[in-house]
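>>> only the shape, not the letters, is given here:
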């Protein structure tokens, strides 16, 4: 049974093709559409031929490889126009306005409805949903009468455009796409490749088919697939082929999901302002109505990827007491559970996107957030609560911001906020297990585990030849971008400042030199830098922009390396402050003996491996030593030198080079007996 | 500086205005950009352009200018004609200040005014859209459509509102002013956003935002210098000509609180020195509001 039905669509398409083919051969006379500079637009875009008559049409058809859209267009051009309220072929001037709304974002995508719906009401519901989602909908065939009968108002003003009484008039949908590509996409007539690219990436369109198509119309609709347009059959008994059977109520959502069409809502429906302008404000104890976490109560946040069908987009649930039940100055437990789904979402992105919860909650005028994971501390101000802000609004804020900021990755968000102590404590155990697994995944990642590093050229505007190469074990020198971050950033903005760098063949494992990295850096540095050693500060070190968290510098007198961080204002034993050193090494140059690095890189196995890494470090400001603290101790213990921590001097134990020499001799620092650095 | 023949390292040329032969109705069209060196260190650009700004609703215009132009302010087309014929501006920059009024919906007037001003002047036209994001879509469509074929310079795209102006540029063949708040990274990002929308790079003019002299102009100068240095070092996303509009100069304290007899001279002086400094920093077009500043700038630039 299924086979026969499967065959039925394919057979219809074949019949249709034969019929259209025959009519093409019989076509005669002049062919033209009114008020257009694009002749017969599909034929023009595909072949570059401006068709004027039947012979030209046949030539274009032949050159297009017997493309049925070309055939349908030529045949339609021979048939003459249609009467009002149908639009028929849409003139260039009108189309320019429609295309404008598409580029401008006031229209999110395009839909075509063809055929005759079994239920006019279901079709009307589809149209309403299309309107609500800012889609521009074209109609062809019996659906137009069915909608009019159901009282739906049609016309350009309603974003429901009745092309013609026959489903075959749907061909104008294709000529619209072709012209939009030529008008707005810079697609040259005859350049099929860029036409298809434009249709696939820019003109986000889908088709919903109802029943009652002739074989020729079936073949025409199927031919639209070449433009990357999914065909959704909502009734009508089409089965098999490449069409997607769907219930009418699911059609719009499915079409939007398939084409990645999203409606961005800029105004967030909560009773407080929400903007980056409020990010820096804090809510002091006296101004606070309620707080969560911060040591007073258990609190955590967790963002997880879920299958799409498990998420009700935009749903916010509060479990436990809300603010109406608590007094001013109280503390409540809190679990912020964010579930996201998206066709392009990956589990690796979870922690990266989870970090944004901090940013977004701080965007709220009366909400404040610090730290992350199970260390969070959240406050809501008295003023905000007086204006009606409740715990639920944090969820609404997060759901909106996450979708708005990650439109390509997050299609649906639901947020659950739990304030019931017992439940929060129970969930916390599970959350901690997830955090631990994530840490393992990132911290366990080695440079040799990946084939691709990432670049960062964000700073090229002021250091035009600087290229950061980010590896799993060497974060960007500013400390702000890890390898995972860079990968996500590239995914989100493929044309952005983080580009994949294929490692290529290894030149030197210890120094971290790779053919692919050299090739990339040479190009990205505009030819200035030929070679880079990722793990060395002497041989072809990486360039520095000016944003580095720390500077590592050779101290020749003691055969060691000192590391100074930006926040240390005093002089190093080299007799220079951080800013003096920074002035000599920035600007995108390679400066052997000096290098800009991030704090976390100090803890990496690859930290200046070519110069014996952490074993060479003889001096750090005490603030940096304290900050790295236990993590540095662990790292040193793992290397079998737990006592090295105490052997690293600071501004108190060794303010000058003379003090440093004495200090290192007294503690017998290993650097003193290593091979000479210079 | 060494003469470079590398096409990549030149500032892109942007064409403004279209003559009849080019499909428009202007008597002249301009090509700005094309520099290969820092300003005044290599070949001097063929011409530096001075635009006079006018508006369609003088209620939202600096009093010191309103006092000087008098009744002209109530006839946008005549004002535009005078800008060119009487005051000697190279081009007119039309501001739709009418969109600042509450509940504005006279979109038909936007198209009509654009057409009138185009008819009143023979030189390329800069058109500033609305001041309200909600009005952008309609205002840019109307003015863009009315100026189809004339290769207008449309302003102003910003990082969070560039789609409408980009769409109008694409639909009707215009160029775009891309403004960032004195920040080289944001300038670059906006140019990339515009490129991704489909605006060709030779139809973008950078507006780095111009602070008034004594009120932050040094930041503007420094950013313009960095934009140009990055462009000459090969950063294609910054290799666009620049436009500067020292609008802020007319509302600073020294001008506002000047003795009535000195106010005009003070306004013109402040506008002139800020605009001139912007030219030194590399601006291809400077836009001023006081008619007397135009002549002063022209004299200084030609001298």
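Yes, it's here. Not measured: the values here are computed from a predicted model. Numbers count the residues shown, from 1 in each chain, chains lettered A, B, ... in the order given.

>>> tell me the contacts of the residue lying closest to residue A:200 once chain neighbours are set aside?
Take residue A:200 and drop its neighbours on the chain: the residue closest to it by C-beta to C-beta, 6 or more residues apart in numbering or on different chains is residue A:228, 3.8 Å away. Bear in mind the C-beta positions are built from the backbone N, C-alpha and C, glycine included. Residue A:228 makes contact with A:196, A:199-200 under the criterion C-beta atoms under 8 Å, 6 or more residues apart in numbering or on different chains.

>>> try 10 Å
A:196-201, A:203-206, A:258-259 (C-beta atoms under 10 Å, 6 or more residues apart in numbering or on different chains).

>>> from those, which would you call buried?
Buried members of the contacts of residue A:228, scored by 16 or more other C-beta atoms under 10 Å in any protein chain shown, are A:196, A:198-199, A:203-206, A:258-259.

>>> circling back to that earlier point, tell me the one among the contacts of residue A:228 nearest to chain B.
Chain B lies nearest to residue A:198 out of the contacts of residue A:228, by C-beta to the nearest C-beta, at 9.1 Å.

>>> how about residue B:234, secondary structure?
coil (DSSP: H, G, I helix; E, B strand; the rest coil).

>>> what stretches of the chain score poorly on pLDDT?
Because you didn't say which chain, this covers chain A. The model of chain A has pLDDT under 70 over residues A:1-7, A:264-266, A:276-277, A:279-280, A:442, A:461-462, A:495.

>>> my question was about chain B
In chain B, residues with pLDDT under 70: B:1-9, B:44-46, B:303.

>>> repeat that with 80
Within chain B, the stretches with pLDDT under 80 are B:1-9, B:42-47, B:131, B:185, B:303.

>>> burial of residue 140, as a residue count?
The chain I'm using is chain A. Look at residue A:140: counted by other C-beta atoms under 10 Å in any protein chain shown, it has 27 neighbours.

>>> looking at chain B here, not the other one
Neighbour tally, residue B:140, other C-beta under 10 Å: 30.

>>> that one touches residue B:163, doesn't it?
Yes. Look at residue B:140 against residue B:163 with C-beta atoms under 10 Å: they come within range, at 9.3 Å.

>>> any idea how far residue A:389 is from chain B?
Computed as C-beta to the nearest C-beta, to the nearest Å, the residue A:389 to chain B distance reads 25 Å.

>>> do the same with residue A:318
Residue A:318 is 32 Å from chain B, where distance means C-beta to the nearest C-beta.

>>> run a quick neighbour tally on that residue.
Residue A:318 has 19 nearby residues by other C-beta under 10 Å.

>>> ok, back up a step: filter the buried ones among the contacts of residue A:228 by proximity to chain B?
Among the buried ones among the contacts of residue A:228, the residues lying close to chain B (C-beta under 10 Å from any C-beta of the partner chain) are residue A:198.

>>> which SSE is residue B:154 in?
Element membership for residue B:154 (DSSP states H and E) is strand B:153-157.

>>> and chain A, is that strand touching that?
No. Contact of strand B:153-157 with chain A (C-beta under 10 Å from any C-beta) is absent, the minimum separation being 11.8 Å.

>>> check the offset of that strand from the chain's centre.
In terms of C-alpha atoms, centre = their mean, to the nearest Å, the centre of strand B:153-157 is set 8 Å apart from its chain centre.

>>> partners of it, with directions?
Strand pairing for strand B:153-157, determined by DSSP bridges: strand B:125-128 (parallel), strand B:175-179 (parallel).

>>> following the longest one, which helix or strand comes up?
For strand B:175-179, the succeeding helix or strand toward the C-terminus, using DSSP H and E, is helix B:184-197.

>>> what packs against that next one?
strand B:153-157, helix B:163-172, strand B:175-179, strand B:204-207, helix B:217-232 (3 or more C-beta pairs under 10 Å, 6 or more residues apart in numbering or on different chains; DSSP states H and E).

>>> residues contacting residue A:262?
A:108-109, A:133, A:204, A:256, A:342, A:403-404, A:407-408, A:410-411.

>>> 6 Å instead?
Applying C-beta atoms under 6 Å, 6 or more residues apart in numbering or on different chains, we find residue A:262 in contact with residue A:407.
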